[in-house]
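In: Structure here, sequence nowhere to be found:
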């Protein structure tokens, strides 16, 4: 397993990880309608461009196994984690934990006071395992469908 910076041109590989993660892992906590609103199987040209721009802006860290991306997550300068996804075939194998520890190390190196994210129902226990706490329950609307999640925050130790 290797954690490395995102390389331009990997947007579609990361899209595949996102879609499969939502469809195969988050489906235990969300309805079929919510899953399709969150991660449609087919994206139009404008949605693909938006995805590419988001990935380019987020500059995620990518976990690679045998040369293939299997997970990705970003860490913004504000301490915000916009995306954190693991391919279903690698869920529960320590990949997500290694990636979260990497983000925590980066946050420490950058002397960030806290990390926060909008976390799906499926990922809340994982984030809680790493010391994140729910600050607010949310119901954002995506493509006209409400999806429950939570704002979770982890305060980091100061020097």
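Out: Perfect, I can see it now. Worth saying up front: this structure is predicted, and the values here are computed from it rather than measured. Residues are numbered from 1 along each chain as shown.
In: Now do the contacts for the most centrally placed residue in the chain.
Out: Central residue of the chain (C-alpha atoms, centre = their mean): residue 84, 1.5 Å from the mean position. If a contact means C-beta atoms under 8 Å, 6 or more residues apart in numbering, then residue 84 has 72, 73, 74, 96, 99, 100, 117, 123 as its contacts. To be clear about C-beta, it is placed using only N, CA and C from the backbone, and glycine gets the same treatment.
In: 10 Å instead?
Out: If a contact means C-beta atoms under 10 Å, 6 or more residues apart in numbering, then residue 84 has 21, 60-61, 71-75, 96, 99-100, 103, 117, 119-120, 123, 126-127 as its contacts.
In: just checking, which of the residues you listed belong to helices?
Out: Under the assignment DSSP state H, these contribute 21, 96, 99, 100, 103, 126, 127 to helices.
In: measure the residue nearest to the centre of the chain to residue 61 for me?
Out: According to C-beta to C-beta, to the nearest Å, residue 84 and residue 61 sit 10 Å apart.
In: Residue 51 now?
Out: 17 Å.
In: Specify which residue of those two has the higher count of neighbours.
Out: residue 61 (19 against 16; other C-beta atoms under 10 Å).
In: what bridges to that one?
Out: residue 5, residue 73 (DSSP bridges).
In: OK, contacts around it?
Out: Taking C-beta under 10 Å, 6+ apart as the test, what residue 61 contacts is 3-6, 71-75, 84, 99, 102-103, 106.
In: now do 8 Å
Out: Counted by C-beta under 8 Å, 6+ apart, residue 61 has contacts 3, 4, 5, 6, 72, 73, 74, 75, 99, 102, 103, 106.
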